[in-house]
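Peer 1: below: sequence and its predicted model.
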Amino acid sequence: MGVCGYFAVSRKCLVVLSLRLLFLLPAGLPVRSQGDSQSDNKVMDNITVRQGETVFLRCSQGDVVTHTAWLNRSSILYAGEDKWSVDPRVSLVVLNEEEFTIKIENVDISDEGQYICAVQTRSRPRTTSVHVIVQVPPKIINLSKDIAVNEGSNVTLMCFANGKPEPTVTWKLLSSTGLVSEDEYLEIPSITRQRAGTYECTAINEVSTDVQTVELTVNYPPSVTEGRDVGVTLGQTGVLQCEADAVPAADFEWYRDDRRLFNDLDSIEIEDNGKISTLTFYNVSEVDYGNYTCVAINKLGSANTSMVLYEVIEPTSSTLLQALSSTTEKTVFTEEMTTSLLDMTTSVIEKTASTDYAIWGGPGAVQDGNSGTMGTHTSTCLLIIIGLQFLLKF
């Protein structure tokens, strides 16, 4: 009577003692009495349920049942219609001559384990056991923070996750294709600017997937695009442009020779917009022409490029007349040369024709030593024609 005391014996205490004696379940574990058959104690297939779902525990009755109970390890959940569990998630579903079913809602990992249905019939006691497996979706519990490093540094990113079954962890750089690591740790030696970006850690198991990201920034000194010279006429607007690639973004400075330029003070406008800085001259004057230097600076270094603002002279009416006069004179000269060459060509052709007739007087004529004259005249004609074509191009 040590369990319940000598005088104050509660109803529940009596039920516990009765169940243990009736079902021979010391500490809640089933033990077959001598003479029990193997079929008296049944083991059902495991029940797999996901965390947060509801699990139903069913037990068939059969014959004439005098007592029945559902137990979890050493604790009684239900004894017949009486609820012994203080867990509000546990409730009775069905209790009749054929079935004894209870349910556990919002299942958690602590609910995993063996459950026993103990039944006492008029003939003999029997037990049915089932093992509940609780699957837990993966959850990333430890992830590297967003990080900024200098180019050339060694980088290690980590991603730890738990879940049941144990999740697989992979890393991926979103700006590229394919996985970059299939481990909780991602090692990047001597990182370059091309490896900067958003890294995605994925933890996956049979239940679901958990995804989180880390932003990796790679700092590097500025590099500038080669400056382009710009020509502007007096009184017009001139714009010089400087482009720099850097992380962190570069600050720009403009210089004329060794003197730094500022807005307002030099009748100019300097405007920075991300990677590009522009130097604008309004109503360009003679003093604005010259060499300018753009310097891009960040905490890791600097780079510069130079460019020239030079004068472009617009054509005036006098220069146009001079050009036209020169063109007219050239045209007249070309026409005279063309006429002269045509006359020379005609003369050569006529002379060649008469010579050919004298040499090739008819059948049986004999060629003399001057027969090469024909080839000479022909070559001369070709040279004249080529020269004529050359002049006509102008």
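Peer 2: Right, received. Where do you want to start?
Peer 1: next one: phi and psi at residue 109?
Peer 2: Main-chain dihedrals, residue 109, degrees, to the nearest 10: phi -60, psi -30.
Peer 1: now stretch 66-75: buried residues?
Peer 2: Neighbour-count burial for stretch 66-75, counted by 16 or more other CB atoms under 10 Å, picks out 67, 68, 69, 70, 71, 72. Bear in mind the C-beta positions are built from the backbone N, C-alpha and C, glycine included.
Peer 1: surely the first one is in contact with residue 120?
Peer 2: Yes. Between residue 67 and residue 120 there is a contact under CB atoms under 8 Å: 4.2 Å.
Peer 1: name the nearest of the buried residues of stretch 66-75 relative to residue 293.
Peer 2: Checking the buried residues of stretch 66-75 against residue 293 with CB to CB, the nearest one is residue 72 at 81.3 Å.
Peer 1: for residue 117, see how far away that closest one is.
Peer 2: Using CB to CB, to the nearest Å, residue 72 is found at 11 Å from residue 117.
Peer 1: and what of residue 252?
Peer 2: For residue 252 relative to residue 117 (CB to CB), the value is 80 Å.
Peer 1: ok, these two, which is more surrounded?
Peer 2: Using other CB atoms under 10 Å as the criterion, residue 252 and residue 117 rank with residue 117 on top: 26 against 22.
Peer 1: so the more buried one bridges to which residues?
Peer 2: residue 70, residue 128 (DSSP bridges).
Peer 1: okay, it: pLDDT?
Peer 2: On the pLDDT scale, residue 117 is placed at 93.
Peer 1: that one against residue 61, yeah?
Peer 2: No. Contact criterion CB under 8 Å: residue 117 and residue 61 do not qualify, at 9.4 Å.
Peer 1: domain parsing for the chain?
Peer 2: Domain assignment of the chain by automatic domain parsing yields the ranges 12-135, 144-220, 225-311, 318-392.
Peer 1: start to end distance for the third one?
Peer 2: Between the start and the finish of domain 225-311 there is a gap of 23 Å, counting by CA to CA, to the nearest Å.
Peer 1: likewise the second one?
Peer 2: With CA to CA as the measure, the first residue of domain 144-220 is 22 Å from its last.
Peer 1: tally of neighbours for residue 113?
Peer 2: 11.
Peer 1: hmm, residue 75 and it touching each other?
Peer 2: No. In this structure, residue 113 is not within contact of residue 75 by CB under 8 Å, at 10.8 Å.
Peer 1: who touches both of residue 117 and residue 61?
Peer 2: 68, 100 (CB atoms under 8 Å, 6 or more residues apart in numbering).
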